[in-house]
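In: Give me the fold of what follows.
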Amino acid sequence: MKKNPFKMLTLVVAIALTAGCTSTSAPAPANNAAGGASVKKDSIVYAQSVAITSLDTAGMQPQGYPSGYEAAFAIYNGLVKFDDQLEFKPDLAEKWMTSSDGKTWSFSLRKDVKFQDGTPFNADAVVSVYTKMLDKTYNTGASTLWAPIDKIVKVDDYNVQILTKEPYGGLLNTLAHGSALIPSPAALEKYGKDIGLHPVGTGAYILDKIEPGTQVVLKANDNYYGGKPAYKQITFKYVGDASSRIAALKSGQADVIDAVPVEQADDLKSSPNVDLINVPGLQVFGIGLNQNNTILQDKNVRQALNMAIQKEAIVKTLFKGYGTVLTSPLAPNTTGYVKSGEYSFDVEKAKKILADAGWKAGADGTLEKEGKKLSFNLRTPDGMYPNDVIVAETMKSQLKTIGVDVKINKVEKSTFWDGIKVPQAKVDFDMVLFGYNPSHGNGGIQLDALFATNPDAAKNPPQWNFNWYSNKAVDELIQNANKEVDQQKRTQLMGQAEKMIWDDAPYIWLYAKNNIAAKAKSVDGIKVLPVVFTLVHEAK
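Out: Below is the predicted model:
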């Protein structure tokens, strides 16, 4: 008898999805794999590209980023939250206001809310949890976001104040971040460091089972203050291979998937039972240029490198149009984004800039000056970012057209970070392919993290200024912007900083990638936020 290959594929995916599970049956299909009518279920499966190892909101990102936060948002609530346009909306706080000096933020809390262990949510809970988050040894995952806060004060049972050390315009971004989700203080007391395996919040779903590295199963919180959830159960299941996730969605073994490769996005878009979700993201990519390299200290060289790259072609060809060419150090939709300019593709202009700066072609075609070749080593992670090695190879090819020689150094993603965040004297690269994702949505924090002058050349960069860029005027603008609580004035200050940084060109500016997920047509209410998270707890 001739075997049915579609049936065999469905069986293989079902086995992959249920591997390691204690459940005796695979999840029911979200829809008819053969193209029939959708069937509404009482449970859904979200196949994630990254495994969840912990649900500790104060833990390091290896809890599974972004997957850990995606499940945490279903279990916990914070005071405020992002909508899908990154506007701030009430969550456990019904309203808030800021003092005239910008240093005291007052929050009125929801009443009659209980944690999933039955203990009341109130001001004491907020003060207890958020005070812990000010301790760097406790808040190991996001301490820089919380550093501007001085203390949290109880006014009465349902009113709290958050006092900042200086006026701080980015506070709401911090409070909408996953690290500001509020666990039950009683559960924290009971489980201590193991809270990540025993999460208790006020959210729409309650932990039913966690198998770190494999799956997390949540059940509906029938007492949720926001109303009874639409589904009785949500399973977050690790399926690392993109093709397996897509096959699972098409066959009905999964209802939602994340991290759809751009090469397969159009195919999914045309699938009859699938909706593609395509959202411009905030993660910006570029080639960081080592400011310790005497050749790269010349702004003319850095600007010429930018002009040699066909950025639009990269987005169109390597990312199938699912991305945006940068026009600022920040991606559009980031708080504080201001268009700063463009480095249009212009090989002849780039060559002229380099020639005017004294660079002449040598015997092998590589430009030379005073005995030095215009030659750089480009470090790239291998398999950490979409098409990372291919992008690096494209950089090499395009820079060669203006006489620049590039040697590519591929690095395992597990060691990539430690290799670039080193003291100034130990920097051993000229260029680095790097992508920064502001999961807080705060452009002020992003500018500070990537472009503020590092405080001590003998130590590792405290944030992500691994190429040791420094501009005192930029430092002052970033500091002033972060102290400004008037959002219009804050954006004006940030815009000035962005334009200076853009002109300085400490990066070859490339693109912001889109966040691409997909879902079964039978499932509504899935949100993909520009900050990267795919949220399924409001599914209908």
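In: For the protein, name the helix or strand with the lowest mean pLDDT.
Out: Least confident helix or strand, the chain: helix 5-18 with a mean of 36, by mean pLDDT, DSSP states H and E.
In: Okay, now the unreliable bits of the stretch 401-540 of the chain?
Out: Within the stretch 401-540 of the chain, no range satisfies pLDDT under 70.
In: Helices along that one, start to end?
Out: 413-420, 443-451, 472-483, 487-504 (DSSP state H, counting those that start in this stretch).
In: For the last one, name the packing helices and strands.
Out: Right, helix 487-504. On a contact count with 3 or more C-beta pairs under 8 Å, 6 or more residues apart in numbering; DSSP states H and E, helix 487-504 meets helix 299-307, helix 443-451, helix 472-483. For glycine as for every other residue, the C-beta is placed from the backbone atoms N, C-alpha and C.
In: Restricting to C-alpha, output the first one in PDB.
Out: Backbone C-alpha positions of helix 299-307 (Å, rounded to 0.1, in the frame of the first residue of the first chain) are rendered in PDB as follows:
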ATOM      1  CA  LYS A 299      34.600  59.900  10.700                       C
ATOM      2  CA  ASN A 300      35.200  60.200   7.000                       C
ATOM      3  CA  VAL A 301      36.100  56.500   6.800                       C
ATOM      4  CA  ARG A 302      33.100  55.500   8.900                       C
ATOM      5  CA  GLN A 303      30.700  57.500   6.700                       C
ATOM      6  CA  ALA A 304      32.200  56.100   3.500                       C
ATOM      7  CA  LEU A 305      31.700  52.600   4.800                       C
ATOM      8  CA  ASN A 306      28.000  53.400   5.300                       C
ATOM      9  CA  MET A 307      27.600  54.700   1.800                       C
END
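In: And it, what's buried?
Out: Across helix 299-307, burial judged by 16 or more other C-beta atoms under 10 Å covers 301, 302, 303, 304, 305, 306, 307.
In: which one of those sits closest to residue 230?
Out: Residue 230 has its nearest neighbour among those in residue 306, at 48.4 Å by C-beta to C-beta.
In: Grab the nearest non-local neighbour of the closest one.
Out: residue 343 (3.8 Å; C-beta to C-beta, 6 or more residues apart in numbering).
In: quick one: the one you found and residue 310 touch, right?
Out: No: with contact defined as C-beta atoms under 8 Å, residue 343 does not count as touching residue 310 (10.9 Å).
In: Which of the two has more residues huddled nearby?
Out: Higher neighbour count among residue 343 and residue 310: residue 343, with 23 against 16, using other C-beta atoms under 10 Å.
In: Three-state assignment for the more buried one, please.
Out: coil (DSSP: H, G, I helix; E, B strand; the rest coil).
In: Quick check: it vs residue 413, distance?
Out: With distances taken as C-beta to C-beta, to the nearest Å, residue 343 is found 28 Å from residue 413.
In: show me what contacts the closest residue to residue 509 other than its chain neighbours?
Out: Excluding the flanking residues, the one nearest residue 509 by C-beta to C-beta, 6+ apart is residue 326, at 4.4 Å. Residue 326 makes contacts with 284, 286, 311, 509, 510, 511, 512, as judged by C-beta atoms under 8 Å, 6 or more residues apart in numbering.
In: go with 10 Å
Out: 284-286, 311, 315, 332, 339-343, 502, 507-512 (C-beta atoms under 10 Å, 6 or more residues apart in numbering).
In: That one and residue 340: what is the separation?
Out: The value you get for residue 326 to residue 340, if C-beta to C-beta is used, is 9 Å.
In: Identify the contacts common to these two.
Out: In contact with both residue 326 and residue 340: 502, 509, using C-beta under 10 Å, 6+ apart.
In: Could you tell me which residues within stretch 196-212 count as buried?
Out: For stretch 196-212, by 16+ other C-beta under 10 Å, it's 196, 198-207, 210, 212.
In: for stretch 459-469, that is, sorry about that
Out: 461, 463, 464, 465, 466, 467, 468, 469.
In: pretty sure the last one contacts residue 450?
Out: Yes: between residue 469 and residue 450 there is a contact at 7.9 Å, judged by C-beta atoms under 10 Å.
In: Common neighbours of those two, please.
Out: 288, 501, 506, 507.
In: so what's residue 438 up against?
Out: Taking C-beta under 10 Å, 6+ apart, one finds 173, 177, 281-284, 330-331, 334-335, 444-447, 449-450, 530-532 in contact with residue 438.
In: Buried among those? Need that as a selection in PyMOL.
Out: Only the buried entries of these go into this PyMOL selection, using 16+ other C-beta under 10 Å:
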select buried, resi 173+177+281+282+283+284+330+331+334+335+444+445+446+447+449+450+530+531+532
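In: contacting residues for residue 261?
Out: For residue 261, the contact set (C-beta under 10 Å, 6+ apart) comprises 49, 242, 243, 245, 246, 268, 319, 320, 322, 386, 387, 516.
In: What subset of those residues is buried?
Out: Buried, going by 16+ other C-beta under 10 Å: 49, 242, 245, 246, 268, 319, 320, 322, 386, 387, 516, out of those.
In: Okay, and which of the residues you listed map to strands?
Out: residue 516 (DSSP state E).
In: just checking, which of the buried ones among the contacts of residue 261 belong to helices?
Out: Taking DSSP state H as the definition of helices, the buried ones among the contacts of residue 261 contribute 242, 245, 246, 268.
In: Any figure for the gap between residue 335 and residue 505?
Out: 23 Å.
In: Same check on residue 243?
Out: Separation of residue 243 from residue 505 (C-beta to C-beta): 38 Å.
In: Could you do residue 397 as well?
Out: 20 Å.
In: Residue 396 now?
Out: 19 Å.
In: Next up, the contacts around the spatially most central residue of the chain.
Out: By C-alpha atoms, centre = their mean, the chain has its centre lying nearest to residue 437, at 3.9 Å. Residue 437 makes contact with 65-66, 281-285, 331, 446, 512-513, 515, 530-532 under the criterion C-beta under 10 Å, 6+ apart.
In: And residue 239, by the same measure?
Out: Neighbours of residue 239 in contact, by C-beta under 10 Å, 6+ apart: 13, 16-17, 19, 45-49, 51, 215, 245-249, 253-254, 257-258.
In: Now, of the residues you listed, which are buried?
Out: Of those, these count as buried by 16+ other C-beta under 10 Å: 13, 16-17, 45-49, 51, 215, 245-249, 253-254, 257-258.
In: what helix or strand does the nearest residue to residue 409 once chain neighbours are set aside sit in?
Out: Among residues not flanking residue 409 along the chain, residue 379 sits closest, at 4.7 Å (C-beta to C-beta, 6+ apart). Per DSSP states H and E: residue 379 is located in strand 375-382.
In: Let me know the angle separating that strand from helix 299-307.
Out: 50 degrees (axes from the mean of the first three to the mean of the last three C-alpha atoms, to 10 degrees).
In: Give me the distance from strand 375-382 to the chain's centre.
Out: 23 Å (C-alpha atoms, centre = their mean, to the nearest Å).
In: packing partners for the helix or strand just after that strand?
Out: Later in the chain than strand 375-382, the nearest helix or strand by DSSP H and E is helix 388-400. Contacts defined by 3 or more C-beta pairs under 10 Å, 6 or more residues apart in numbering; DSSP states H and E place helix 388-400 against strand 274-289, helix 299-307, helix 311-318, strand 375-382, strand 405-412, strand 431-436, strand 507-520.
In: Pull out the buried positions in helix 388-400.
Out: Buried residues in helix 388-400 (16+ other C-beta under 10 Å): 388, 389, 391, 392, 393, 394, 395, 396, 398, 399.
In: Residue 429: which of the residues you listed is nearest?
Out: Out of the buried residues of helix 388-400, the member with the shortest distance to residue 429 (by C-beta to C-beta) is residue 392, at 12.0 Å.
In: Now do the same contact list for the closest one.
Out: 287, 378-382, 385, 406, 408-410, 431-433.
In: which one of the residues you listed has the most neighbours?
Out: Going by other C-beta under 10 Å, residue 431 tops the contacts of residue 392 with 29 neighbours.
In: still on that earlier bit, which of the contacts of residue 437 lies closest to residue 154?
Out: residue 531 (30.0 Å).
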